[in-house]
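In: I need the structure of the sequence given here:
(one chain, ligands or ions: 1)
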Amino acid sequence: MPAHEHSAHSMTHALPSYLNPDDVGPWGTYLQQVDRVTPYLGSLARWVETLKRPKRILIVDVPIEMDDGSIAHFEGYRVQHNLSRGPGKGGVRFHQDVTLSEVMALSAWMSIKNAAVNVPYGGAKGGIRVDPRKLSKGELERLTRRYTSEIGLLIGPSKDIPAPDVNTNAQTMAWMMDTYSMNTGSTATGVVTGKPVDLGGSLGRVEATGRGVFTVGVEAAKLIGLPIEGARIAVQGFGNVGGTAGKLFADAGAKVVAVQDHTGSISNVNGLDVAALLAHVRDQGGVGGFAGAQAIEAEDFWSVDCDILIPAALEGQINKDNAQRIKAKMVIEGANGPTTPEADDILHDKGVLVLPDVIANAGGVTVSYFEWVQDFSSFFWSEEEINARLVRIMQEAFGAVWQVAQENKVSLRTATFIVACKRILHAREMRGLYP
Ligand code: GLU
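Out: Take a look at the predicted model:
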């Protein structure tokens, strides 16, 4: 194109080189979800391009000394997708398959999720490409501290607040909080959430994501006339999210009939003993080898006879290869991005109700918000108060999304995106462009 044809308009649509429009990974999934919602945004559609490019991407080298004296280098990321509604907020993931496309998508889903439940945050996410199971505790601490120092440019209690995600926990957050505090000469508890309760953490935070999954599941089940008592549940991933959700459903009279994680796939048509399975996972690191169940093939997990399927592991698990075989009436996305757009369409055609990640798993960040508020005011709430507020927010947000879905005859995912994108883009429009 001749130079004079570089009009302002055509420049808007020239993508930065790292934004590949043909991305088939998680970021590609997210872009398709945004395209599906654009026709419902009215005049705010003018701003939609904002959602298709992260505001800031930081890639860092994280070198650490290993226990054997060698030096190892790991890739680290922190992406701030959108800050229109408040500081960045979102977890940090340690996993051997972490990529930039993945962290970008996860940061964007945080923007949508935070707006959907109306907590005053933008969206961000971080990750390190590492298999933490191969590191000693000392190596993990050095990795976490060096990563925190490297992303110190971006994070802060009113800038961007990390939290736990896959393979990170309260201990990881304690190291991050300490490192940031040492670097800034303060005790900055509000720089991360998901901290240990004795260090400015919140009661109820550990269970919050699973409790939110359970809460919206119960609401949706009422609406479609599915009794929880006796409902058969299959759960993929039995960590913080899947384990808690499974326990809450079992306590409410449902039967957990199949569970899959990275150590194996198990089933018991009479319902697994969830308390015993949680103890087994704590001791053995996964569900594989659990005595109270039968081992099944990984592929057969997807065709298990069940009423509710809860993917609570990683992205892209429900895809065009297995969606057709799913027998559940309802899918509750505990994980972020577990269903590809093709699978979404297949499930829709089969009449399976999908409760999307951006509302279903928002309980975690909701209690992260409570933790951050408690840290700022140095005044801590009771667990009853936290759980009651969490349930109320989840029920109200889900009810609003359900109504938008009915009014527009769209899926719950598109409805959640409609609610969230309108909130984000309205804030964007009101703030205006600077300079
Ligand atoms: N990692 C969780 C999520 O994906 C929680 C994020 C947070 O609490 O900031 O929603």
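In: Setting aside sequence neighbours, what's the nearest residue to the residue in the chain that the ligand sits nearest to?
Out: When scored by Cβ to the nearest ligand atom, the chain has Gly91 as its residue closest to the ligand, at 2.8 Å. For glycine as for every other residue, the C-beta is placed from the backbone atoms N, C-alpha and C. The spatially closest residue to Gly91, leaving aside those adjacent along the chain, is Asp165, at 3.0 Å (Cβ to Cβ, 6 or more residues apart in numbering).
In: How about the contacts made by that neighbour?
Out: Taking Cβ atoms under 8 Å, 6 or more residues apart in numbering as the contact definition, Asp165 lies against 90-93, 106, 125, 127.
In: Serialize those to JSON lines and add fields for neighbour count.
Out: Conversion of these to JSON lines gives the following (neighbours: other Cβ atoms under 10 Å):
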{"residue": "Gly90", "neighbour count": "32"}
{"residue": "Gly91", "neighbour count": "26"}
{"residue": "Val92", "neighbour count": "32"}
{"residue": "Arg93", "neighbour count": "25"}
{"residue": "Leu106", "neighbour count": "30"}
{"residue": "Lys125", "neighbour count": "31"}
{"residue": "Gly127", "neighbour count": "28"}
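In: just checking, Val48 touches Tyr40?
Out: No. Under the criterion of Cβ atoms under 8 Å, Val48 lies out of contact with Tyr40, with a separation of 10.7 Å.
In: what residues does the stretch 151-300 of the chain put near the ligand?
Out: Taking Cβ under 6 Å from any ligand atom as the criterion, the neighbours of the ligand within the stretch 151-300 of the chain are 163, 165, 193.
In: separation between the second one and Ala124?
Out: Asp165 sits 11 Å away from Ala124, going by Cβ to Cβ, to the nearest Å.
In: so what sits against both of the two?
Out: Both Asp165 and Ala124 are in contact with Gly90, where contact means Cβ under 8 Å, 6+ apart.
In: From the centroid of this protein, which residue is nearest?
Out: For the chain, the residue lying nearest the average C-alpha position, counting by Cα atoms, centre = their mean, turns out to be Asn336 (4.1 Å).
In: any idea of the pLDDT on that one?
Out: In this prediction, Asn336 carries a pLDDT score of 98.
In: same thing with Gly237?
Out: What the model reports for Gly237 is a pLDDT of 98.
In: mind listing what it touches?
Out: Taking Cβ under 8 Å, 6+ apart as the contact definition, Gly237 lies against 260-261, 311-314, 334-335.
In: Count the residues that sit near Ala275.
Out: Applying other Cβ atoms under 10 Å, we find 11 other residues in the vicinity of Ala275.
In: do Asp67 as well
Out: When neighbours are counted by other Cβ under 10 Å, Asp67 registers 11.
In: Three-state assignment for it, please.
Out: With DSSP: H, G, I helix; E, B strand; the rest coil as the basis, Asp67 sits in coil.
In: how near is it to Met176?
Out: The value you get for Asp67 to Met176, if Cβ to Cβ is used, is 21 Å.
In: show me where pLDDT drops low in the stretch 1-150 of the chain?
Out: When residues are selected by pLDDT under 70, those of the stretch 1-150 of the chain lie in 1-13.
In: Can you pull the residues of it lying near the ligand?
Out: Within the stretch 1-150 of the chain, the positions near the ligand by Cβ under 6 Å from any ligand atom are 89-91.
In: would you list every one of the strands in the stretch 251-400 of the chain?
Out: Here the stretch 251-400 of the chain has its strands, by DSSP state E, counting those that start in this stretch, at 255-261, 264-267, 294-295, 308-311, 330-332, 353-355.
In: Can you lay out those as TSV showing mean pLDDT and distance to Leu226?
Out: Putting the strands of the stretch 251-400 of the chain into TSV (pLDDT from 0 to 100; distance: least, Cβ to Cβ, whole Å) gives the following:
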stretch	mean pLDDT	distance to Leu226
strand 255-261	98	13
strand 264-267	98	21
strand 294-295	98	26
strand 308-311	98	8
strand 330-332	98	7
strand 353-355	98	9
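In: Need the winner for burial among the ones you listed.
Out: The highest mean neighbour count among the strands of the stretch 251-400 of the chain, using mean count of other Cβ atoms under 10 Å, belongs to strand 308-311: a mean of 28.
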